[in-house]
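Engineer: Curious how this folds, go ahead:
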Amino acid sequence: DIQNKRFYLDVKQNVKGRFLKIAEVGAGGNKSRLTLSMSVAVEFRDYLGDFIEHYAQLGPTNPDIVQDEPRRALKSEFLVRENRKYYMDLKENQRGRFLRIRQTVNRGPGLGSAQGQTIALPAQGLIEFRDALAKLIDDYGVDEEPAELPEGTSLTVDNKRFFFDVGSNKYGVFMRVSEVKPTYRNSITVPCKVWSKFGNTFCKYADEMRKIQERSREKRASELLPEGPHGGDDGEDD
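Structural biologist: A predicted model of the protein is given here:
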């Protein structure tokens, strides 16, 4: 129990393997649930550690917060795995600080819009929640040695940020390319077997664009050159 809420963490199993179900039950009996694969649970545990560290460095809460006033997140992260997205936002209201976790599931084309569930963890209970999660991972996590994969990276272009994350599932190794800007998030998944083709295609267009830009610069430069002297006979006939 954390404040007036009760949280349940249960490890389940189906044909796809083990997974973690997190349920939040409020004072009125309302229930919200999140579902995470065990590999995502490990990443989620690590993110919780980052939020705990950030929360510990914050000053006292702002007593002048107006109810229902729009507030920016104190810290935000998001995680994309297969058809699920997890949005994590450390926020503050009149009751204090809390970590809001929202999960959306993309059902696929023609199956309706993404379904969403949200839970809110009071910040004072983050350590207790993280420790309970870590114990379940230690007891029931995947025993097999995880495949060695390259580290993820990111780059920033103007007001956008692109994340390149390598992962694996039962279908093989893949790269998740995520495009993020303040009001927009999207991603694609590229199987490992076509990385070379993707890379060659990018290089091809980069080379073609470079040639187009060079021709454009040469054309502009030639237009700025002064015209040469005109031919003709300026002398007078005898």
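
Engineer: Could you use CA atoms for every contact and neighbour count after this?
Structural biologist: OK.

Engineer: Scan this structure for its longest helix.
Structural biologist: If you go by DSSP state H, the chain has its longest helix at helix 195-224.

Engineer: pLDDT weak spots in the chain?
Structural biologist: 1-3, 62-72, 107-115, 142-147, 170-171, 227-238 (pLDDT under 70).

Engineer: what comes up buried for stretch 187-206?
Structural biologist: For stretch 187-206, burial by neighbour count (16 or more other C-alpha atoms under 10 Å) applies to 189, 192.

Engineer: Figure out the length between the terminal residues of it.
Structural biologist: Counting by C-alpha to C-alpha, to the nearest Å, you get 22 Å between the two ends of stretch 187-206.

Engineer: Check stretch 5-25 too.
Structural biologist: 6 Å.

Engineer: contact partners of it?
Structural biologist: Applying C-alpha atoms under 8 Å, 6 or more residues apart in numbering, the contact partners of stretch 5-25 are 1, 26-27, 30-38, 41, 119-120, 133, 136, 140-141.

Engineer: That stretch: which residues count as buried?
Structural biologist: Applying 16+ other C-alpha under 10 Å to stretch 5-25 flags 5, 7, 9, 11, 18-25 as buried.

Engineer: now do stretch 209-222
Structural biologist: Applying 16+ other C-alpha under 10 Å to stretch 209-222 flags no residue as buried.

Engineer: Within the sheet, what are the partner strands of the host helix or strand of V80, with directions?
Structural biologist: If you go by DSSP states H and E, V80 is part of strand 75-81. Strand 75-81 has the following strand partners under DSSP bridges: strand 84-93 (antiparallel).

Engineer: From the chain's centroid, how far away is the helix or strand following the strand it pairs with?
Structural biologist: Once the chain leaves strand 84-93, the next helix or strand it forms, by DSSP H and E, is strand 96-105. Distance of strand 96-105 from the chain centroid (C-alpha atoms, centre = their mean, to the nearest Å) equals 14 Å.
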